[in-house]
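Trainee: next one to model:
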Amino acid sequence: MHKLLERQLKKIGYSGGSLSEKQLKRFIEAVDQAYKDDESDRKLLEHTLEISSKEMQQLYRDLEERSRSRLAESEAKYRYLAIHDNLTGIANRRYLEDELQALVEHSADSAIKFALLFLDLDYFKQINDTLGHNVGDRLLQEVAKRISPQLKSNDIFARIGGDEFVIVLMDIKESHIYNVVDRIYLLTHQNWIVDSHDLKVTTSIGVAIYPNDGEDIIELMKSADIAMYKSKELGRDRYTFFADIHD
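Mentor: Purely as a prediction, here's the structure:
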């Protein structure tokens with residue numbers, strides 16, 4: 001690098017990494033031209049660079065600030081994607097499991113009960129096979145969009161894969177649980193207009209109550225899953241409580 005460039009960059013405290021390649025290229029080209037011109041032109045350029053060092057330093061600060069902002073945005077986006085389902089925008093399995101673990105640990109000491117609902121869309125594979133995966137994806141998005149506003153702010157709504165959803169109803173009273181589950185069931189038991197297709201979609205739901213049906217995450221999820229498959233065995237389009245299977 002030319003001595004003039006080294007001297008100027010050192011003067012303004014530039015240590016590398018913040019100057020864009022385009023700006024650096026222009027700067028080097030200017031110095032190259034100065035060395036090709038006569039002595040007076042080169043001194044004029046050097047004098048101009050000295051005068052503009054504050055402006056250049058501000059340029060570097062601006063570039064560094066934009067770089068930090070882009071990095072912060074990227075980190076925020078990564079954190080969001082790490083705990084959200086990229087198709088529906090609701091929580092994903094990782095977030096669900098982390099929150100359930102914290103919830104179980106907290107509830108063990110406070111005797112709080114909550115309900116876990118396992119939802120599975122009936123005959124979803126047929127929609128994908130006959131109408132295409134784009135329609136299937138849009139249906140999943142519509143399911144999330146319809147149910148989300150009906151839940152409380154502290155409830156959890158997650159898609160854990162394919163057409164499987166989990167809802168965690170917080171601070172639920174056992175005397176009201178059937179009414180709440182029935183309301184969620186009715187939200188899905190409606191026709192869906194997806195990309196001009198009028199779809200009749202039903203849902204099989206399994207319900208498990210903490211700690212009655214499981215005192216840890218694995219046991220609780222298993223109980224809800226068993227109850228959901230019981231709904232399918234009984235003809236689909238219904239909800240089943242794990243506690244009722246053995247009655």
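Trainee: ok, now which ones touch the closest residue in space to I160 that isn't next to it in sequence?
Mentor: In space, and not counting its chain neighbours, I160 is closest to R93: 4.3 Å by CB to CB, 6 or more residues apart in numbering. The C-beta positions use only the backbone N, C-alpha and C, and glycine is treated the same way. Going by CB atoms under 8 Å, 6 or more residues apart in numbering, R93 touches 158, 160-161.
Trainee: now R93: how far from I156?
Mentor: 11 Å (CB to CB, to the nearest Å).
Trainee: also K232?
Mentor: 23 Å.
Trainee: comparing those two, which residue is more hemmed in?
Mentor: I156 (20 against 15; other CB atoms under 10 Å).
Trainee: identify the residue nearest the more buried one in space, chain neighbours excluded?
Mentor: Closest to I156 by CB to CB, 6+ apart is V168, at 3.9 Å.
Trainee: what residues does stretch 72-85 touch?
Mentor: 90-92, 94-95, 98, 144, 158-159.
Trainee: try it again at 6 Å.
Mentor: Stretch 72-85 is contacted by residues 92, 94-95, 159 when judged by CB atoms under 6 Å, 6 or more residues apart in numbering.
Trainee: next one: stretch 128-143
Mentor: 87-88, 127, 192, 194-195.
Trainee: nearest residue to the middle of the protein?
Mentor: Centroid check for the chain by CA atoms, centre = their mean gives H84 as the closest residue, at 2.7 Å.
Trainee: how far off centre is the longest helix along the chain?
Mentor: The longest helix of the chain (DSSP state H) is helix 53-83. The chain centroid and the centroid of helix 53-83 are separated by 21 Å under CA atoms, centre = their mean, to the nearest Å.
Trainee: domains of this protein?
Mentor: 3-83, 93-244 (automatic domain parsing).
Trainee: endpoints of the last one, how far apart?
Mentor: It stands for domain 93-244. Terminal residues of domain 93-244 are spaced 27 Å apart (CA to CA, to the nearest Å).
Trainee: chain center to it, what's the gap?
Mentor: Using CA atoms, centre = their mean, the distance from the centre of domain 93-244 to the centre of the chain it belongs to is 19 Å.
Trainee: per-residue confidence averaged over it?
Mentor: The average pLDDT for domain 93-244 rounds to 92.
Trainee: also the shortest one?
Mentor: In this model, domain 3-83 has an average pLDDT of 64.
Trainee: now tell me what touches stretch 151-168 from outside.
Mentor: Identification of contacts with stretch 151-168 by CB under 6 Å, 6+ apart yields 85, 88, 90-91, 93, 96, 99, 114, 116-121, 124, 148, 169-170.
Trainee: ok, now stretch 224-238?
Mentor: With CB under 6 Å, 6+ apart as the test, stretch 224-238 has contacts from 116, 118, 120, 122, 202, 204, 206-208, 240, 242, 245.
Trainee: let's see that with 8 Å instead.
Mentor: Stretch 224-238 has contacts (CB under 8 Å, 6+ apart) with 116-120, 122-123, 166, 185, 189, 202-208, 213, 239-242, 245.
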